[in-house]
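**Student:** Mind folding the following:
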Amino acid sequence: MRKIMTLLTVVVLSTLSFVGQAQNKNSNIKGRVVDSQKSPIAAASVSLIKAKDSSVVKMTASSKEGDFQFENVQNGSYLLQVSAIGYGATFSGPFESNGSEVVVEPLLMLPQSKDLKAVTVAARKPLIEQKLDRTIVNVDAAVTNVGATAIEVLEKSPGITIDKD
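**Tutor:** Numbers count the residues shown, from 1 in each chain. The predicted structure is shown next:
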């Protein structure tokens with residue numbers, strides 16, 4: 001009986017070891033994000049995208065040194081999309097993940113600037129400004145004050161009462 005149990009244990013353990021070896025290993029994908037001067041770009045958004053249908057698999061952000069890493073990625077064909085504030089979006093070429101560590105060549109990001117054609121600043125004074133020691137009534141702030149006398153403007157002002165004296 002003891003020999004049968006030992007033999008059965010050996011068979012089960014060897015079967016489990018073969019099953020474990022037959023499973024596909026997942027990959028790690030590493031890379032770096034740099035600008036045109038080869039300086040690292042921190043906090044860039046990096047997306048791992050399936051090459052087949054452009055669906056996002058995983059996302060991460062680059063470190064202070066511009067490095068990024070995706071762990072435990074299933075085997076397949078992928079590409080990377082990188083975006084950062086002040087830079088145009090960048091895509092890597094397609095690459096294969098096949099159970100080993102994949103190191104992608106540095107992704108170069110080019111600056112993107114947007115120039116404004118014109119800037120218009122518009123501001124109006126408020127009708128009433130409340131200061132610590134006084135209340136200011138801006139006569140030119142209200143359209144209804146056009147052509148009015150000082151007494152008429154004061155009558156419309158809050159906190160002021162006008163009588164015949």
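
**Student:** So for residue 64, what's the nearest residue that isn't a sequence neighbour?
**Tutor:** Distance criterion C-beta to C-beta, 6 or more residues apart in numbering; nearest residue to residue 64, sequence neighbours excluded, is residue 42 at 4.7 Å. Yep, even glycine has a C-beta here, placed from its N, CA and C like the rest.

**Student:** from what I can see, residue 151 looks like it's in a helix, true?
**Tutor:** Yes: counting by DSSP: H, G, I helix; E, B strand; the rest coil, residue 151 is part of a helix.

**Student:** Spatially, what comes nearest to it if we skip its sequence neighbours?
**Tutor:** Closest residue to residue 151 apart from its sequence neighbours, by C-beta to C-beta, 6+ apart: residue 162 at 6.4 Å.

**Student:** show me what contacts residue 92?
**Tutor:** Going by C-beta atoms under 8 Å, 6 or more residues apart in numbering, residue 92 touches 31, 79, 80, 81, 82, 104, 105, 107.

**Student:** cool, and residue 90?
**Tutor:** Neighbouring residues of residue 90 by C-beta under 8 Å, 6+ apart: 81, 82, 83, 107, 108, 109, 110.

**Student:** Can you mark which positions in the helix or strand that contains residue 69 are buried?
**Tutor:** According to DSSP states H and E, residue 69 maps onto strand 67-73. Within strand 67-73, the residues that qualify as buried are 68, 70, 73, counting by 16 or more other C-beta atoms under 10 Å.

**Student:** Thank you kindly, that will do.
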